[in-house]
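Undergrad: need a 3D model of the following:
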Amino acid sequence: KAPFQIDANMGFTAAVYEMLLYSTPSGKLEILPALPSEFKSGEVKGLKTQVGADVSIKWNANSAIVTLVATRDLELTIDCASYRGKPQPIKLEKGERTTVQYAR
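TA: Numbers count the residues shown, from 1 in each chain. Down below sits the predicted model:
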């Protein structure tokens, strides 16, 4: 019976997750910080963050649209440098939703 490599399986998943979304408990949120060139367009939904928001991202070669839904009252700084974004503060109450759009 072949051994099950939980470290390798979960490590790869975590690496892809952080290529699409990076967050810290202190309130930093980076969108698509290490997007591979092969991922020319795509969409992910319901990503959980350490800042207290669920995030969905839809992107293509020209733009990225980010939707945040607060799972608690929060203050964060969102950035999307790969789409010429600049860090911007966002404050949301639990259950509140906001959308941010970036363009290249």
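Undergrad: tell me how far residue 103 lies from residue 96.
TA: When distance is defined by C-beta to C-beta, to the nearest Å, residue 103 is 24 Å away from residue 96. Every residue, glycine included, has its C-beta placed from N, CA and C.
Undergrad: ugh, wrong one, residue 54
TA: Per C-beta to C-beta, residue 54 is found 12 Å from residue 96.
Undergrad: so what sits against both of these two?
TA: Each of residue 69 lies in contact with both residue 54 and residue 96 under the rule C-beta atoms under 8 Å, 6 or more residues apart in numbering.
Undergrad: before we move on, back to that, more neighbours: which of residue 103 and residue 96?
TA: Just comparing residue 103 and residue 96: by other C-beta atoms under 10 Å the higher neighbour count belongs to residue 96, 14 against 11.
Undergrad: identify the residue nearest that one in space, chain neighbours excluded?
TA: Leaving aside its chain neighbours, residue 96 sits nearest to residue 70 (5.1 Å; criterion: C-beta to C-beta, 6 or more residues apart in numbering).
Undergrad: which ones are touching the one you found?
TA: By C-beta under 8 Å, 6+ apart, the contact list for residue 70 reads 52-53, 92-97.
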